[in-house]
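Participant: The amino acid sequence is not available; the structure is as follows:
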């Protein structure tokens, strides 16, 4: 099993259960993301706690998730980054584009805050 997907209160949590987010895994992750988004989910948290390695196809899947959430007026949050994956995201300058949380609780707070700001508008 490559992923565990949980539907929580106001977001879907996707846990990548593989050590490598690479060309073997990224296409099926993209497919899952499109399905979840197509089912009306606007907010997604992607937990990469188990990932020790990510390549360009993994980064592409992360960017697909971010774009799908943005297009649906939702929020995408990345959490559970290991040092190697965080370094890759920083080098790619995606840390300026993505919401990154250091825990699932922080990720949930980012989504809750974004949702309440939308309701105020």
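Facilitator: Sure thing, it's come through. As the structure is a computational prediction, the values presented were derived from the model and not from experiment.

Participant: remind me which residues of this protein are low pLDDT?
Facilitator: 1 (pLDDT under 70).

Participant: OK, contacts around the spatially most central residue of the chain?
Facilitator: By CA atoms, centre = their mean, the chain has its centre lying nearest to residue 46, at 3.1 Å. With contact set as CB atoms under 8 Å, 6 or more residues apart in numbering, residue 46 has these partners: 14, 16, 62, 65, 76-79. C-betas here are computed from N, CA, C, even on glycine.

Participant: So it versus residue 119, what's the distance?
Facilitator: 24 Å (CB to CB, to the nearest Å).

Participant: Also residue 6?
Facilitator: Taken as CB to CB, the span from residue 6 to residue 119 is 24 Å.

Participant: okay, those two: which has more neighbours?
Facilitator: residue 6 (11 against 7; other CB atoms under 10 Å).

Participant: looking at this, the more buried one is in a helix?
Facilitator: No. Going by DSSP: H, G, I helix; E, B strand; the rest coil, the assignment for residue 6 is strand, not a helix.
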